[in-house]
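Q: predicted model and sequence follow; I will ask about them next.
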Amino acid sequence: MMTQRSFLCILSIAASLAVFSSTIRVSNADTFRPVVRGRRGVVAGGQPLSVEAGMRILQRGGNAVDAGVATILAASVIEFSHFSFGGEVPILIKLKGRDVAVVEGMGTAPAKATREFFVNRARQSGGGGTAATAPDSSATLTNGFRDMPVVPGAKFGMIPSTGPLSATVPAVLDACVTALDQFGTKSLSEVMQPAIELADGFPIDELRVEYIKTRAPIFSQWPDAKRLFLPNGAVPKVGDVFVQADLARTLRSIAAAERRSAGRGRHLALMAARDYFYKGPIGKRIGAYMQTHGGLIAASDLAGWHATVGAPAKGEYRGYEVYKTGFWAQGPMMIEVLNLLEGYDLKKMGQNSPEYIHTVTEALKLGFADRDRFYGDPNFVKIPTQQLLSKNYAAMRRSLIDGQRASLSQRPGDPSNMKPLLASATQISYNAPPVPEIEKANDTTCVNVIDKDGNMFSATPSGAWLPAVVAGETGVLMGQRLQSALTDPNSPNVIAPGKRPRITLTPTLVLKDGQPFMVLSTPGGDNQDQGLLQVLLNVIEFGMNPQEAVEAPRFDTQHYVSSFDNHEFLPGLLNVESRIPADVISQLNSRGHKMKIQTAWGTGSSPTVIMYDPKSGVISGGADPRRGRYAVAW
């Protein structure tokens, strides 16, 4: 059986081999890393010790769900720069012989999180949170939903992007318990054990140290966060053993609650662990801390929430079945964009040709416009889901794409009346301002697993990243996802008590002829579906293996209402990595795109991809080197 030491040794050897990958041909193209292949399972994630946790569970007889949950929980301890235990995690699962399901691991707004609260707060403070605009909702709360233009670069962030007011109900534990209960085989205690060991201490890496250093001025205003991340009053040194004693105690108490109920059966034991957190002492402590430290979350918010299992959004692209979360997240827009692109011969255009990048970018703009106009929590808003995902609607929307000119307008469609444009909305055009420097979204991680039986697991863990409020002696970092909701009363994503903000997190699962084909997910905020779309097309249209697909140069538009901070709209902005040839960039510029040249590996997304061959049983994995992804095969 592989030990943690032998596993890390293998990773070290793999890293050494990667140094020479620029001089040897590992496939049809040069890649920094080789494809990993096995027949008993592949686990992919954002940090070696996270991946080790999942592989450990596979080797102990767990299925893909057990391994995926173990990887999430380990990541929630050691990837706190991007994700931690108080965050959220949507999950897609496909077990052999069963339908694809979505674990809707997104917590809701607290009962006190009303639109009026944030509008009044902004009015009293002259802006509120990170906002700099006046708070008069009749004049300024616009993000493309009123018949008036949005000023490019205007700031609408009345909901703070950090601090106690930005937290939703922590969703990670219940999402993991729900996945184990309905699709897994192991106990929570077993899959949580690697996370507990990591909370007891792990050698901290360069990335986490850098995050602590740069975020310290913000989190130092919260004493419990300062106490945790600045032990002895100083930034940890690379290689120091970083200890989260409070979190370790919390995790152990949850596992102990399960073990105390083990005699009642697996389901009831899992529920006991879940209830200990949400309805028991941990939830009460979190609620009390937030109520006394300026937050809105109360113990009753945790006690009243439960992760649900829902149906996925489904689309088809050239015979491949693509599954995403529901419309409470942005995932279905990828299906909309695939429907648009199905009308083009992308293979003939050539990967990353001017025609290809232009066409994909213009399709993405239309997908984002529909996202911004229609997507929200289906428990609160009526969404024309079938129409948005229909091929006929895509055919009409496709007519809006000018093959020679970039659009600078936000153009949502009219799916209810099956028209390409929404006639009741003013189509806004801009003279785009100079392209600003954009800070990448460095939150979120990804977890993907396929096991020997072809069981599939794809998750996008996120939230509660640095800088974060730490809920006292529970050691739980609180999330910031409430910032993704809006205060525009005309938006389907307007904030309301008990409502989920529409999020960017977007795991992806693909079948071919009903058989397992691929799982993929990525960090990257609004860029997630853009990166995943290009990776999927690299495989389907251009025949790349998973490692080639994630390493190929990418591009992304920022022609959308941002899901974060001040919800800016940057018309026509197109980021391209510098590995894309200069003549291609020149032609895109001549078509009216507002070009921003990134570094050679500068895009914000960083996917992992796992593919399954049902004939041979071979499982192949690829991991993007851009932000330190890892994939390991067995």
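A: Structure received.
Q: residues in contact with stretch 51-59?
A: Stretch 51-59 is contacted from outside by 1-2, 4, 7-8, 40-41, 43-45, 64, 66-68, 70-71, 73-74, 186, 190-191, 194-195, 198, 447, 449, 451, 630-632, 634, using CB atoms under 8 Å, 6 or more residues apart in numbering. Bear in mind the C-beta positions are built from the backbone N, C-alpha and C, glycine included.
Q: for the buried ones among those residues, write the corresponding ChimeraX selection.
A: A single ChimeraX command selects the buried members of those (16 or more other CB atoms under 10 Å):
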select :7,41,43,44,45,64,66,67,68,70,71,73,74,186,190,191,194,195,198,447,449,451,630,631,632,634
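Q: so of the contacts of stretch 51-59, which ones are in helices?
A: Using DSSP state H, the members of those that fall in helices are 4, 7-8, 64, 66-68, 70-71, 73-74, 190-191, 194-195, 198.
Q: on the C-terminal side of the host helix or strand of Ile218, identify the next helix or strand.
A: Element membership for Ile218 (DSSP states H and E) is helix 206-219. Toward the C-terminal end, the helix or strand that comes next after helix 206-219 (DSSP H and E) is helix 223-229.
Q: list the buried residues for that next one?
A: Those would be 224-225, 228-229, for helix 223-229 by 16+ other CB under 10 Å.
Q: repeat that for stretch 349-369.
A: For stretch 349-369, using 16+ other CB under 10 Å, the buried residues are 349, 351-369.
Q: list the contacts of the longest strand seen in the chain.
A: What stands out as the longest strand in the chain, according to DSSP state E, is strand 515-521. Outside strand 515-521, the residues that touch it by CB under 8 Å, 6+ apart are 92, 94, 320, 446-450, 454, 456-460, 506-511, 528, 532, 535-536, 539, 546, 607-612, 614.
Q: coming back round to it: and the furthest pair within the ones in helices among the contacts of stretch 51-59?
A: Leu8 and Ala64 (22.5 Å; CB to CB).
Q: could you check how far the residue of the chain positioned farthest from its centre is from Ile72?
A: For the chain, the largest distance from the centre (CA atoms, centre = their mean) belongs to Gly263, which lies 37.0 Å off. Distance, Gly263 to Ile72, using CB to CB, to the nearest Å: 27 Å.
Q: alpha carbons only: can I get the helix holding Ile218 in CSV?
A: C-alpha atoms of helix 206-219 as CSV (Å, rounded to 0.1, in the frame of the first residue of the first chain):
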residue,chain,number,x,y,z
GLU,A,206,5.5,29.4,-0.8
LEU,A,207,2.0,30.2,-2.2
ARG,A,208,0.3,30.1,1.2
VAL,A,209,3.1,32.2,2.8
GLU,A,210,2.8,34.8,0.1
TYR,A,211,-1.0,35.0,0.6
ILE,A,212,-0.6,35.4,4.4
LYS,A,213,2.0,38.2,3.8
THR,A,214,0.0,40.2,1.3
ARG,A,215,-3.4,39.7,3.0
ALA,A,216,-2.1,40.4,6.5
PRO,A,217,-3.1,44.1,6.5
ILE,A,218,-6.7,43.1,5.9
PHE,A,219,-7.2,40.0,8.1
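Q: and it, what does it pack onto?
A: helix 223-229 (3 or more CB pairs under 8 Å, 6 or more residues apart in numbering; DSSP states H and E).
Q: who does the helix or strand following the helix it packs on pair up with?
A: Next along the chain after helix 223-229, taking DSSP H and E as the criterion, comes strand 241-242. If you go by DSSP bridges, strand 241-242 pairs up with strand 202-203 (antiparallel).
Q: model confidence over the strand it pairs with, on average?
A: The pLDDT scores in strand 202-203 average 98.
Q: off-centre distance for that strand?
A: 25 Å (CA atoms, centre = their mean, to the nearest Å).
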